[in-house]
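Chemist: Need a 3D model of the following:
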Amino acid sequence: MKNFLIFFILLNVVYLVGSFAQTSNDIKSDIELYTFVEEEAVPLNREVVYVVQLSWNGELSRYKINQVLEPDITNLIVRGTGSSNKVITNEDGSIQSIKRITFYFKPMEMGMSYINGVTIRYEDMISEKKESLIAGRIGVKIIDPIPDPKSIMDFGDLILYGFILII
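Modeler: Sure thing, here's the model as predicted:
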């Protein structure tokens, strides 16, 4: 019983010290990272589109994205990247900022491909804190190539070419 009472008092002391350590000047940093691929199964002759999306409440200038480290990839090669910014006003009148970074990968061979977590380094411009976010690994199945519509002659083309050959 005595040990329980000492533990309870220590727990309350730690709680009170923690409460005093926080001040009303603390600024809440709230940024979300969301990653996805547009398709989970991609034909060998198409590309894998990997999207990294950051969103937060407030102005776009609230956070400065310092560095986006290219993800480690397996069975893919980078074809290109792009980014966009978007600011929307919600129904309640609050502002939400969205930064989207898109990676375009070309599959090397059929089978499983992996995109290991991308790392985003950013700075909160109000609190001046530098932080980073890390996304998880995503797998993509590379499947048989689909025929290119331009390489397939339709029945009408065959009749036309046959007619030309006969003439």
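
Chemist: Next, the contact list for the most centrally placed residue in the chain, please.
Modeler: In the chain, the centroid-proximal residue (CA atoms, centre = their mean) is residue 52; its distance is 2.0 Å. Going by CB atoms under 8 Å, 6 or more residues apart in numbering, residue 52 touches 33-35, 68, 100-103, 118, 120, 135. To be clear about C-beta, it is placed using only N, CA and C from the backbone, and glycine gets the same treatment.

Chemist: Next: residue 40.
Modeler: 139-141.

Chemist: Same question for residue 148.
Modeler: So residue 148 contacts residue 45 (CB under 8 Å, 6+ apart).

Chemist: remind me which residues of this structure are low pLDDT?
Modeler: 1-29, 149-155 (pLDDT under 70).

Chemist: Including neighbour count and secondary structure, could the contacts of residue 52 go into TSV?
Modeler: Below are these laid out as TSV (neighbours: other CB atoms under 10 Å; DSSP: H, G, I helix; E, B strand; the rest coil):
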residue	neighbour count	secondary structure
33	18	strand
34	12	strand
35	22	strand
68	18	strand
100	15	strand
101	18	strand
102	15	strand
103	24	strand
118	21	coil
120	23	strand
135	18	coil
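
Chemist: ok, these vs residue 92, which is closest?
Modeler: residue 34 (21.4 Å; CB to CB).

Chemist: Excluding sequence neighbours, find me the nearest residue to the closest one.
Modeler: Ranked by CB to CB, 6 or more residues apart in numbering and with sequence neighbours excluded, the top spatial neighbour of residue 34 is residue 53, at 4.6 Å.

Chemist: same thing with residue 65?
Modeler: Using CB to CB, 6+ apart, the closest residue to residue 65 is residue 122 (5.1 Å).

Chemist: For the one you found, name its beta-bridge partners.
Modeler: residue 65, residue 131 (DSSP bridges).

Chemist: neighbouring contacts of stretch 61-79?
Modeler: Counting by CB under 8 Å, 6+ apart, 31, 47-48, 50, 52, 54, 56, 81, 97, 99, 101, 103-109, 111-126, 130, 135, 140, 142 sit against stretch 61-79.

Chemist: tell me how far that stretch is from the chain's mean position?
Modeler: 9 Å (CA atoms, centre = their mean, to the nearest Å).

Chemist: Tell me the backbone dihedrals of residue 72, please.
Modeler: phi -70, psi 140 (degrees, to the nearest 10).

Chemist: In which helix or strand does the residue nearest to the centre of the chain reside?
Modeler: Per DSSP states H and E, residue 52 falls inside strand 48-57.
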